[in-house]
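>>> got a predicted structure here, sequence first:
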Amino acid sequence: SADGAPNAIIVVDLASGTSWRRLNDHPSTKAAPLADFRPVVEGRPFMVRPPDGPPQPVGVGADGIAISADGGVCTTGGFGAVKLGNQESLFKTEGAAFNPFGSSPLFSTTNLLTDVTGLGGSWQHAVGYTSTNMSGLTVSAQYSAKEGAKGGNTAAYSGGAYALAANYAAGPLALSAVYGNVKSTDATEANVKQRAYLLGASYDFGVAKAFAQYGRDKFTDVGGSDTAKFYQIGAIVPVSAEGAVHTSYARTKFDGEREYQFSLAYNHALSKRTGAYVGVTRIKGEIEEAEATGRATVFGVGVRHAF
C-alpha cells in the first residue's frame, strides 16, 4: 500500500497457501492525491515524522479488505470500517466490553439481558459501520435487512433491525451507549418487536477495574407490551502479574419474573492469547404470581484461547 511503488491487492487461499496479486498498479488501488484525501488515524493526521525534519503528509494506497470466518466482508480506511454479511450485534459486543467476563456464555451476567431477549445474537444479511477514533469517541451503526413482504400471520414482523452505538475511552474511563429497534435479525417472521438500550461504564483504579451496566428492553406483540429491566456491577482484581479475580452480579426483571446471577472466577494468563480459568456461577429465578423460586449452581474449569 506504499505510495512509492505499484499498489495491488493480495488474495490468499488460507487452506492451500496459494496467493495471487490482483489490480496491480490499477488506479483503484493507488493512493489518492493528498489534495483530495489525507488519512486520519485516531483523530490525528497520518504523517511521516523524520528525526531531522518537519512532519510530512503521506498517501496510502489499497485500503485493507478482510473476509472473516463468518462470511462477512470488511473494508477499512480513513472513513472508518464497513462490514457486510453476518456479524455479532452491537448489543453483544458492547455488552461484552463492559462485563468482567466478556461474552462468556457461562459466566457473563450480561447474558441475562442479551441472551434471554435475543438481543445478543448474530445479525444476518447485515451492514455495519464503525467510525475512526475521534479523540476517544467512536460511533457505530448496524442494520439487518428486511426481506420480503410481511408474513401471513398478522402478528408477525418479517425481518428488519437496526442499532446505534457510541463508545468513549479516555485514560482509565470508558463509557458506552447502544440503542436498537429489533424485529427479526435473520429475515424470518418474528411475533415480537423490541426497542432496547444498554448503557455501560468502566473505570480502572489500578488495584481493580470496576464495571457497571444498565439496560431496558420493551417487548411489543399482538397482546400488548412489557419491559425487561436489567443492571450489572462487577470488577476485575489483579492478584499477580499473570492472574486476576473476576466477579459480577446482575439482575433482570420481566413480566413478573426476576432472575439473579452471580459469577466468580480466577483467570491465569498462560500467554498473550491463552489463559486457564476456574470459576462458579449461581443463577436464581423467582416468579411472583406462583411464589416459586428456582436455583442453579454451575462450576467451570478450562483453557481459553483467543484467535
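Happy to help now that I have it. Numbers count the residues shown, from 1 in each chain.

>>> quick one, strands of the stretch 101-250 of the chain?
Here the stretch 101-250 of the chain has its strands, by DSSP state E, counting those that start in this stretch, at 122-123, 126-130, 137-144, 157-170, 173-190, 193-204, 209-221, 224-238, 243-254.

>>> turn those into TSV, columns for distance to Ile287 and mean neighbour count.
C-beta coordinates here come from the backbone N, C-alpha and C atoms, glycine included. Formatted as TSV, the strands of the stretch 101-250 of the chain follow (distance: least, CB to CB, whole Å; neighbours: other CB atoms under 10 Å):
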stretch	distance to Ile287	mean neighbour count
strand 122-123	30	21
strand 126-130	35	19
strand 137-144	33	19
strand 157-170	28	19
strand 173-190	25	19
strand 193-204	22	19
strand 209-221	17	19
strand 224-238	14	17
strand 243-254	11	20
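
>>> for these, which one sits closest to Lys30?
strand 126-130 (24.6 Å; CB to CB).

>>> pull up the pairing partners for the closest one, direction included.
strand 80-84 (antiparallel), strand 137-144 (antiparallel) (DSSP bridges).

>>> now the shortest one: buried residues?
Along strand 80-84, the positions that meet the burial threshold by neighbour count (16 or more other CB atoms under 10 Å) are Gly80, Ala81, Lys83.

>>> pretty sure Phe98 is touching Ser202, no?
Yes: taking CB atoms under 8 Å as the definition, Phe98 is a contact partner of Ser202 at 5.6 Å.

>>> which residues do these two both contact?
Ala174, Phe211, Ala212 (CB atoms under 8 Å, 6 or more residues apart in numbering).

>>> check what pLDDT the last one gets.
Think Ala212. Per-residue confidence at Ala212 stands at 97 (pLDDT).

>>> wait, isn't it in contact with Phe230?
No: under the criterion of CB under 8 Å, Ala212 makes no contact with Phe230, lying 11.6 Å away.

>>> so where is the stretch 1-150 of the chain shaky, pLDDT-wise?
1-5, 28, 32, 34-45, 62-72, 77, 116-118, 147-150 (pLDDT under 70).

>>> ok, which stretches of it are helices?
Using DSSP state H, counting those that start in this stretch, the helices found in the stretch 1-150 of the chain span residues 90-97, 111-114.

>>> deepest of those, which one?
By mean neighbour count, with neighbours taken as mean count of other CB atoms under 10 Å, helix 111-114 ranks first of the helices of the stretch 1-150 of the chain at a mean of 26.

>>> what's that one in contact with?
If you take CB under 8 Å, 6+ apart as the criterion, helix 111-114 is touched by 89, 91-92, 95, 105, 119-120, 198, 215, 217, 228, 230, 232, 250-252, 259, 261.

>>> ok now that helix, how far from the chain's centre?
14 Å (CA atoms, centre = their mean, to the nearest Å).

>>> and for stretch 228-236?
17 Å.

>>> one step back: possible to save the strands paired with strand 126-130 as JSON lines with distance to Gln194?
Formatted as JSON lines, the strands paired with strand 126-130 follow (distance: least, CB to CB, whole Å):
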{"stretch": "strand 80-84", "distance to Gln194": "22"}
{"stretch": "strand 137-144", "distance to Gln194": "13"}
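
>>> Pro33: which of those strands is closest?
Across the strands paired with strand 126-130, Pro33 has its closest neighbour in strand 80-84 (21.1 Å, CB to CB).

>>> which outside residues touch the closest one?
Outside strand 80-84, the residues touching it (CB under 8 Å, 6+ apart) are 68, 72-76, 126-132.

>>> tally of neighbours for the closest residue to Asn99 other than its chain neighbours?
In this structure, Asn99 finds its nearest non-sequential neighbour in Thr110, 4.5 Å apart by CB to CB, 6 or more residues apart in numbering. Thr110 has 33 neighbours, counted by other CB atoms under 10 Å.

>>> from Gly120, how far off is Thr110?
8 Å (CB to CB, to the nearest Å).

>>> common neighbours of the two, please.
Gly95.

>>> pLDDT below threshold where in the stretch 151-300 of the chain?
Using pLDDT under 70, the stretch 151-300 of the chain drops low at 151-159, 184-192, 222, 288-292.

>>> for the most centrally placed residue in the chain, what are its contacts?
The centroid of the chain falls nearest to Thr93 when counting by CA atoms, centre = their mean (1.8 Å). Not one residue lies near Thr93 by CB under 8 Å, 6+ apart.

>>> appreciated, that's everything.
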